[in-house]
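In: next comes the sequence, and after it the predicted model I'd like to discuss.
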Amino acid sequence: MPDLRVAYRLRASWQAGRLPYKKAMWHSLPIEAVAFDLDGTLFNTEILYDEVGEELLRRRGKAFTPALKDRMMGRPGPVALQIMIDDCGLDCDVATLAQESDDVFDRILEERLERMPGAEALLDHVESLGLPKAICTSSHRAYATRTLARFAYEHRFAFLLTSDEIANGKPEPLIYLTAAAKFGVAPERMLVLEDSHNGCKAAIRAGACAVAVPSKHSLHHDFAGAAFIAEGLGDRRIYELLAAGR
């Protein structure tokens, strides 16, 4: 287990409104590390999750509405499924729904998992700069590891943080405070790439340099506080940000 003392101390300061990084000027400091969200940012899995949600609720005579998708997006799996149960009045528990969700998802993942446009080039560029990278996801470790392995990406990241290690998931900042502590950098020197409002909110609350990279399912999200809203992972502003101060 990582030493979380720094992360927890920063989290306590954030909760008390004393976090010194909250007003950091992201553009005035060189980026020293990069944290990637997984679902919807590096891979097209958010679109696949939509299909899973639609199927789960279709079986129960319910609709997977855009409002429900927004409330669930970016949250740890058990939290998201509990939101679904409460919102739709389902007569089942999280464990049952999670197993059914996994069964449906596994069937489509094998055939339709894809990297998001620009992912490979951006990873190559970050590596060319000698910057460490990590994955910070609300998904479980087993799933995240399997997804990365499909493209032999495991070795490309310094570490992986998942809902298995981080009890207080996005939009709370702990996952990104922990990432900064493991990188050994101040949060404002860490670039975070996120596709959802919950993920961006977690990064912003941690004091990181948050860049929103929405796809069609999250274009309408509120990304207030993000450095900017990128037009995909190939957006030149991401590359300019990484080059700043070098």
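Out: Sure thing, it's come through. Just so it is clear, the structure is predicted and the values come from calculations on it, not from any experiment.
In: okay, now the unreliable bits of the protein?
Out: Counting by pLDDT under 70, the chain contains low-confidence ranges at 1-28.
In: residue with max distance from the center of it?
Out: Residue farthest from the centre of the chain, counting by CA atoms, centre = their mean, is Gly61 at 30.3 Å.
In: so that residue: helix, strand or coil?
Out: Secondary structure assignment for Gly61 (DSSP: H, G, I helix; E, B strand; the rest coil): coil.
In: gap between it and Leu90?
Out: With distances taken as CB to CB, to the nearest Å, Gly61 is found 10 Å from Leu90. Yep, even glycine has a C-beta here, placed from its N, CA and C like the rest.
In: same thing with His197?
Out: Taking CB to CB, one finds His197 at 24 Å from Leu90.
In: strands of this protein, residue ranges please.
Out: Ranges of strands in the chain, per DSSP state E, are 33-36, 133-136, 159-161, 190-194, 209-212, 228-229.
In: adding distance to Leu241, write the ones you listed out as TSV.
Out: As requested, the strands of the chain are exported to TSV (distance: least, CB to CB, whole Å):
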stretch	distance to Leu241
strand 33-36	10
strand 133-136	15
strand 159-161	22
strand 190-194	7
strand 209-212	7
strand 228-229	9
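In: just give me the residue closest to the centre of the protein.
Out: Note: the chain centre (CA atoms, centre = their mean) maps to Asp37, 3.1 Å.
In: what residues are up against that residue?
Out: Contact partners of Asp37, counting by CB atoms under 8 Å, 6 or more residues apart in numbering, are 74, 135-137, 192-196, 199.
In: for Leu42, same thing?
Out: For Leu42, the contacting residues are 36, 115-116, 119, 135, 153, by CB under 8 Å, 6+ apart.
In: closest one of those residues to Pro78?
Out: Of all those, Ile135 has the smallest distance to Pro78: 19.3 Å, by CB to CB.
In: so what's the residue count around the residue nearest to the closest one when sequence neighbours are not counted?
Out: Using CB to CB, 6 or more residues apart in numbering and skipping residues adjacent in sequence, the residue nearest Ile135 is Leu160, 4.7 Å away. For Leu160, the tally of surrounding residues (other CB atoms under 10 Å) stands at 17.
In: same deal with Leu81?
Out: Using other CB under 10 Å, Leu81 has 24 neighbouring residues.
In: surely it touches Leu97?
Out: Yes. Leu81 is within contact range of Leu97, at 4.9 Å (criterion: CB atoms under 8 Å).
In: tell me what Leu161 is bridged to.
Out: Counting by DSSP bridges, Leu161 forms beta bridges with Cys136.
In: show me what contacts it?
Out: Leu161 touches 134-137, 175, 178-179, 182, counting by CB under 8 Å, 6+ apart.
In: Glu54 contacts Phe64, correct?
Out: Yes. Between Glu54 and Phe64 there is a contact under CB under 8 Å: 4.5 Å.
In: helices of this protein, start to end?
Out: For the chain, applying DSSP state H gives helices covering 5-15, 45-58, 66-72, 77-88, 94-112, 119-128, 141-149, 174-183, 197-206, 236-243.
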